[in-house]
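Undergrad: Sequence and computational prediction follow.
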Amino acid sequence: MGTGTTGQALSSVGLGHLVGQDRFTVLDELVTYIAGAGDDLDSGAARDAACDVLDEIFGDADSWEELDHVSVDREQLGTILERFLALYVYNRVPVVAERLSRLADPVAMRQADQEMRQIIADLVAIELPTDPLAIDWGGAEGQSIAERSIASAYDLLSALEDQDRA
C-alpha cells in the first residue's frame, strides 16, 4: 500500500501550492522545505542529500503527471530516510573530501569514495532505531541520532588516520 500521490504528500505538509507545477519548481521548494536555505554547513549538507535522494525517487519524471504517479510505501520511506541521513552525514563531514583529494589516481579516488559512502551508510544504519519513521526528526531525538552518526564518522576517520600513520 502506497503513502499516496505526490500531490497528496505535498498537500499534507502545507505545500499544496506546488501541485501541478513543473519538476524544478516542485523539487526546489521541496528541498528548501526539507533542508532549509543552505546557508550553513548543516543545511548545505542536508540540501545536497535531499537533492540526491529526491533525484533517486523521482528519476526521469519531468511533468507534473509523472511526478504525481510516484508512490512510496512505508518500508520504502524508511529506506529513503536512511539514505538521506547517510548522505547528510557524508556531506557533513568535510574531512572525507579532504582525505579523498589526497589520492592522485582517479580510479582509486572513486573506489575510496564508494567505500566511505558505504561505511557511513553502515554507521547510520547502526544508529537508526527499528522504526525510523517513529522519530521526530526535527526534534531532540532526531538531532541526537544525526549527531551520533556524525561523531561515529569522525571517530572512524580518526582511527583510519591513526592506522595510516602506523
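TA: On my side now, so go ahead. Computed from a prediction, not measured in an experiment: that's the story for all the values here. Numbers count the residues shown, from 1 in each chain.
Undergrad: can you pull the contacts of Leu54?
TA: The contact partners of Leu54, taken as CB atoms under 8 Å, 6 or more residues apart in numbering, are Leu27, Leu30, Val31. Bear in mind the C-beta positions are built from the backbone N, C-alpha and C, glycine included.
Undergrad: Could you list the domains of this structure?
TA: 1-72, 73-166 (automatic domain parsing).
Undergrad: pLDDT of stretch 62-77, averaged?
TA: Averaging pLDDT along stretch 62-77 yields 90.
Undergrad: quick one: Phe84 from Val95, how far?
TA: 21 Å (CB to CB, to the nearest Å).
Undergrad: Neighbour count: the two, which is higher?
TA: Phe84 (21 against 12; other CB atoms under 10 Å).
Undergrad: roughly how far out does the helix ranked longest in the chain sit from the chain middle?
TA: Ordering each helix of the chain by length in residues (DSSP state H) puts helix 140-165 first. Taking CA atoms, centre = their mean, to the nearest Å, the mean C-alpha location of helix 140-165 is offset from the chain mean by 17 Å.
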